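Chemist: Show me how the following folds:
(chains A and B)
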Amino acid sequence: MSFKVIKSGFLATIQDYGRFNHAKHGMSRCGVMDEHAYSWANYLLNNVFDDAVLEISFGAVELEAQLDVLIVVTGADLDFKINHKPATMWRSVQVHKGDTLSWAIPKSGIRAYLAVKNGFDTKTLFGSKSVNLREHIGAKISQGELLNCVESFDTNERLMPIQYIPNYNKDITLRLLPSYQFNEFSMSQRDLFFNQTYQITNASDRTGCRLQGMPIILKHTKMISEGLSYGSVEITTDGLPIILLKDAPTIGGYPKIGTVFSLDLAKLAQKQPNTQLRFELININEAQEKRTVFNQFFEIFA
Amino acid sequence: MHKIVLAGEHSLLIYFSKKIDPNLPKKISNFAEQLIAKFPSLVIDLTPSHTSLLVSYNLNLTTYQQFLKQVEQCLNTFEYKSNHAASILLSIPVYYGFETGFDLERLLAEKQLDLNTFIDIHSSVKYLVYAIGFSPVFAFLGEVDSRIRAPRLVTPRIKIPAGSIGIAQSQTAIYPIDSSGGWNIIGRTPIDLSLNNPSNIDKFKIGDLVKFYPISKNEYVKRGGKL
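Modeler: Numbers count the residues shown, from 1 in each chain, chains lettered A, B, ... in the order given. As a prediction, this is how the structure comes out:
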């Protein structure tokens, strides 16, 4: 039982909460880029928090249901349709055998999530179903491929209250933890970083988000390589930031000015190139409190 | 002395030294093992590197302040027992040729060495695995003889074929899969180090030793090497 891929799109991959306990083997954490939209999708289906979903970037995807299945679509508005008619997002929908699901172009945000009741049952690799193209672990969906899942029926319809549906066109300010080499950056370097508006470049993907702006001049840019955390912000040789995301390498040797708070990275995951953004500081206690509230709501145990 | 810094909302970084030291990799691995044995439910991921250890912990069960104290206690009571006998020596065949070693000709000219001398220098050292990272099965090996060291390329290559052997200053490494990269490429191994063979995940372990040995073009092709 499965969905059949009719059109594979630009970039659509199976992702879950991520691949843990393999950083020592050089494997990225991977997993969904927008944890907020992902967690809602699983929540609305009463799934386990780390069930696997299809992450659809930019659209051009068409799937045919080969079974009756309960689904939820969240995240970006990519002009989601069922049988060529506009369909509802952020609520559980009963799909029937033979139905066609499609995502065309980004109208708001860039990454949509298709969750199915009980999650996609694709191959588990090194403890996770997440695909990592950079590491050649799994592959993006391809035409004719079957995405396995189990049959399910609408028992209790759940939807997200409309006022909570995120507006992905809103400006964002990324909250930054003063981590790693933060204290080694001078006052004037930090001022330049926090007082300017950066722009997301085209060279951004699941590995990292590269920003354009006024460069920070560094005296020494090479360090001994060290472990990289999700969201850490490298200042590279040209003085410009790269925010390291889910498929980033596990270690690296550029100085890092801080680490972006994870729930802001979820918002960043929906931003197109050329979007402007700024940074502001957050302290560890506040970040942990906010994330813990999120984890408790969605029953995230990792 | 140890230094601990914040690394993220659920991770911290422990520095064991400011300098690279061949005794550190095993010591750090050893500490990582002890930490996970002591806090199996708290620790969710560990990233050892040359002089440091990144520790990710379960935010639902502890806080930064609390976990920091626990790690500090662990560090204060940590006793490293070195065990030299446990190091494994891996031998990797390499075809050092101009078709596989894209930067070999340039390096020979820059270093004013002939090919045989260059090969001797690179293949006579037992390299230590300092860290695994960048991508799976990518082992940072040191130290490269100063006569053949070279800085990373200014513009990284878009595609380096799987099996390529690279040099970046004092480090050498094998690219397990086709990838982009800026290291100086000096040859290629016919051995498959990709995760198509899942047991490769543990091919290199921190603290192990790796030695390269030269093979001929014929031998390279016979063993499945591509040109």
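Chemist: which residue does chain B bring closest to chain A?
Modeler: Residue nearest to chain A within chain B (C-beta to the nearest C-beta): residue B:54, separated by 2.6 Å. In short, each C-beta sits where N, CA and C put it, glycine included.
Chemist: Apart from its chain neighbours, what residue comes closest to that residue?
Modeler: Among residues not flanking residue B:54 along the chain, residue A:227 sits closest, at 2.6 Å (C-beta to C-beta, 6 or more residues apart in numbering or on different chains).
Chemist: Read off the pLDDT value for the one you found.
Modeler: The model reports residue A:227 with a pLDDT of 97.
Chemist: Show me where chain B dips below the pLDDT cut-off.
Modeler: Filtered on pLDDT under 70, chain B yields the residue ranges B:83-86.
Chemist: what's the domain layout of it?
Modeler: In terms of domains, chain B is parsed into B:3-84, B:87-222 (source: automatic domain parsing).
Chemist: got it, and chain A?
Modeler: What automatic domain parsing lists as the domains of chain A is A:2-164, A:172-297.
Chemist: In TSV, list those domains along with distance to residue B:179 and mean neighbour count.
Modeler: Listed next are these as TSV, based on distance: least, C-beta to C-beta, whole Å; neighbours: other C-beta atoms under 10 Å in any protein chain shown:
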stretch	distance to residue B:179	mean neighbour count
domain A:2-164	8	20
domain A:172-297	10	19
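Chemist: could the ones you listed be laid out in CSV, adding distance to residue B:188?
Modeler: Shown next, in CSV, are the domains of chain A (distance: least, C-beta to C-beta, whole Å):
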stretch, distance to residue B:188
domain A:2-164, 18
domain A:172-297, 22
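Chemist: Mind checking the ones you listed for the one nearest to residue B:226?
Modeler: Smallest distance to residue B:226 across the domains of chain A (C-beta to C-beta): 16.4 Å, for domain A:2-164.
Chemist: how far out from the middle of the chain is that closest one?
Modeler: Between the centre of domain A:2-164 and the centre of its chain there are 12 Å (C-alpha atoms, centre = their mean, to the nearest Å).
Chemist: Ok, stretch B:76-94 next?
Modeler: 14 Å.
Chemist: Run the contact check for that stretch versus chain A.
Modeler: No - if you take C-beta under 8 Å from any C-beta of the partner chain as the test, stretch B:76-94 misses chain A, and the best it gets is 15.9 Å.
Chemist: residues near the residue of chain B closest to chain A, how many?
Modeler: 25 (other C-beta atoms under 10 Å in any protein chain shown).
Chemist: phi, psi of it?
Modeler: Dihedral angles of residue B:54 (phi, psi; degrees, to the nearest 10) stand at phi -90, psi 130.
Chemist: May I have the beta-bridge partners of it?
Modeler: residue B:13, residue B:47 (DSSP bridges).
Chemist: again, but for residue B:142
Modeler: residue B:128, residue B:171.
Chemist: how much space is there between it and residue B:24?
Modeler: Residue B:142 is 11 Å from residue B:24, where distance means C-beta to C-beta, to the nearest Å.
Chemist: what's the helix or strand for residue B:213?
Modeler: Residue B:213 belongs to strand B:209-214 when assigned by DSSP states H and E.
Chemist: Can you mark which positions in that strand are buried?
Modeler: By 16 or more other C-beta atoms under 10 Å in any protein chain shown, the buried positions in strand B:209-214 come out as B:210, B:212, B:214.
Chemist: coming back round to it: neighbour count winner among residue B:142 and residue B:24?
Modeler: A count of neighbours by other C-beta under 10 Å puts residue B:24 above the other of residue B:142 and residue B:24, at 22 against 19.
Chemist: Now do the phi/psi pair for the more buried one.
Modeler: Main-chain torsions, residue B:24, degrees, to the nearest 10: phi -70, psi -50.
Chemist: try the one 5 residues further on
Modeler: Dihedral angles phi and psi of residue B:29 (degrees, to the nearest 10) take the values phi -60, psi -40.
Chemist: Grab the nearest non-local neighbour of it.
Modeler: residue B:206 (4.8 Å).
Chemist: On the three-state scheme, that neighbour is what?
Modeler: coil (DSSP: H, G, I helix; E, B strand; the rest coil).
Chemist: those strands in chain B, which residues are they?
Modeler: Listed in chain order, the strands of chain B (DSSP state E) span residues B:3-8, B:11-15, B:43-48, B:52-57, B:89-94, B:127-132, B:139-142, B:157-160, B:164-168, B:171-174, B:179-181, B:184-188, B:209-214.
Chemist: For the ones you listed, could you give me TSV that also reports distance to residue A:69?
Modeler: Below are these laid out as TSV (distance: least, C-beta to C-beta, whole Å):
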stretch	distance to residue A:69
strand B:3-8	36
strand B:11-15	37
strand B:43-48	32
strand B:52-57	34
strand B:89-94	48
strand B:127-132	40
strand B:139-142	44
strand B:157-160	40
strand B:164-168	45
strand B:171-174	44
strand B:179-181	37
strand B:184-188	47
strand B:209-214	49
